[in-house]
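A.B. asks: For reference, the sequence and a predicted model appear below.
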Amino acid sequence: MEVRPEQTALYRLDIPALLSWQTPQFDLASRHGPINLIPNLLWEIGDVRLGRRAERVRVWLARRLSNEVVANQIADAEWRVLRCECASC
């Protein structure tokens with residue numbers, strides 16, 4: 001089957017716009033909006049309360065986790081954030 005160029009299209013999801021639209025539904029501790037930790041791969045959404053728990057937990061959105069290189073980049077980012085928190089950056 002032949003597909004002509006005018007029959008094709010490329011779409012890109014605007015993750016920050018999607019998160020800005022979705023996150024007001026969450027009980028976020030911070031309303032600063034999503035933070036891009038790794039361009040086009042990892043965003044910190046904020047701290048949310050899950051269920052009836054008193055403490056909040058950090059929520060991140062990641063894409064392409066099935067790619068080993070990307071998964072390693074995200075693990076490194078997590079390590080940097082945790083190390084910074086422990087050292088009170």
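C.D. replies: Looks like it came in fine.
A.B. asks: need the contact list for the residue nearest to residue 64 when sequence neighbours are not counted.
C.D. replies: Excluding the flanking residues, the one nearest residue 64 by CB to CB, 6 or more residues apart in numbering is residue 70, at 4.4 Å. Any C-beta I mention is one placed from the backbone N, CA and C, and that applies to glycine too. If you count contacts by CB atoms under 8 Å, 6 or more residues apart in numbering, residue 70 has them with 41, 62-64.
A.B. asks: So for the helix or strand encompassing residue 70, what gets flagged as buried?
C.D. replies: Applying DSSP states H and E as the criterion places residue 70 in helix 68-87. For helix 68-87, burial by neighbour count (16 or more other CB atoms under 10 Å) applies to 70, 73-74, 77.
A.B. asks: cool, and stretch 1-19?
C.D. replies: Neighbour counts over stretch 1-19 (16+ other CB under 10 Å) mark 15, 19 as buried.
A.B. asks: can I get the CA coordinates of that stretch in PDB?
C.D. replies: Provided in PDB are the C-alpha atoms of stretch 1-19 (Å, rounded to 0.1, in the frame of the first residue of the first chain):
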ATOM      1  CA  MET A   1       0.000   0.000   0.000                       C
ATOM      2  CA  GLU A   2       1.400   3.400  -1.000                       C
ATOM      3  CA  VAL A   3       0.900   6.400   1.300                       C
ATOM      4  CA  ARG A   4       1.300   9.800  -0.300                       C
ATOM      5  CA  PRO A   5       3.200  12.500   1.800                       C
ATOM      6  CA  GLU A   6       0.000  14.700   2.000                       C
ATOM      7  CA  GLN A   7      -1.700  11.700   3.700                       C
ATOM      8  CA  THR A   8       0.700  11.700   6.600                       C
ATOM      9  CA  ALA A   9       0.800  13.900   9.700                       C
ATOM     10  CA  LEU A  10       3.100  14.200  12.700                       C
ATOM     11  CA  TYR A  11       1.500  15.100  16.000                       C
ATOM     12  CA  ARG A  12       3.300  16.100  19.200                       C
ATOM     13  CA  LEU A  13       1.700  16.100  22.700                       C
ATOM     14  CA  ASP A  14       2.400  19.300  24.600                       C
ATOM     15  CA  ILE A  15       3.100  17.700  28.000                       C
ATOM     16  CA  PRO A  16       3.400  21.000  30.000                       C
ATOM     17  CA  ALA A  17       0.100  22.200  28.600                       C
ATOM     18  CA  LEU A  18      -1.600  18.800  29.400                       C
ATOM     19  CA  LEU A  19      -0.200  18.900  32.900                       C
END
